[in-house]
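Colleague: Predicted coordinates and the sequence they were generated for:
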Amino acid sequence: MKRTWLYILVGLLAYGMFLLIKFPAAVAYGLIQQQVQPVTMAGAEGTAWTGRALQVAYQRRPLGAVEWSLKPWSVLLGGLAAEITLEGSGGTLR
């Protein structure tokens with residue numbers, strides 16, 4: 001009986017990690033939209049960790065497409081690792 005509960009717990013933890021890893025970018029933006037009010041995003045694709053937005057605007061000024069890649073393992077180990085690419089009509093900023 002004890003072993004059964006252990007298997008259930010491990011299964012639930014693995015499922016929770018899977019849901020966190022595959023968390024959709026559009027849903028993540030919807031959750032933080034009020035906190036980042038001057039920034040708007042449209043056409044979010046991918047996950048919250050690695051994704052792309054087809055159009056991002058700051059205070060209604062279009063910035064273009066944005067790609068991001070966050071490294072969650074670095075955050076868990078005490079560091080922050082992120083890579084963001086902004087593609088606009090004037091060029092690319094990385």
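Modeller: That came through, no problem.

Colleague: Report the secondary structure state of residue 56.
Modeller: Judged by DSSP: H, G, I helix; E, B strand; the rest coil, the three-state class of residue 56 is strand.

Colleague: Tell me which residues touch it, please.
Modeller: The contact partners of residue 56, by C-beta atoms under 8 Å, 6 or more residues apart in numbering, come to 39-42, 62-66, 86. Yep, even glycine has a C-beta here, placed from its N, CA and C like the rest.

Colleague: Looking at these, which is nearest residue 4?
Modeller: Nearest to residue 4 among these, counting by C-beta to C-beta, is residue 41 at 44.4 Å.

Colleague: what comes up buried for the helix or strand that closest one falls within?
Modeller: Assigned by DSSP states H and E, residue 41 belongs to strand 39-46. By neighbour count on 16 or more other C-beta atoms under 10 Å, the buried set for strand 39-46 is 39-41, 44, 46.

Colleague: least trustworthy position among the contacts of residue 56, going by pLDDT?
Modeller: Between the contacts of residue 56, the one the model trusts least by pLDDT is residue 86, at 66.

Colleague: most residues in a single helix of the protein, which one?
Modeller: helix 2-21 (DSSP state H).

Colleague: That one: what's the following helix or strand?
Modeller: Following helix 2-21 in sequence order, the next helix or strand is helix 25-32 (DSSP H and E).
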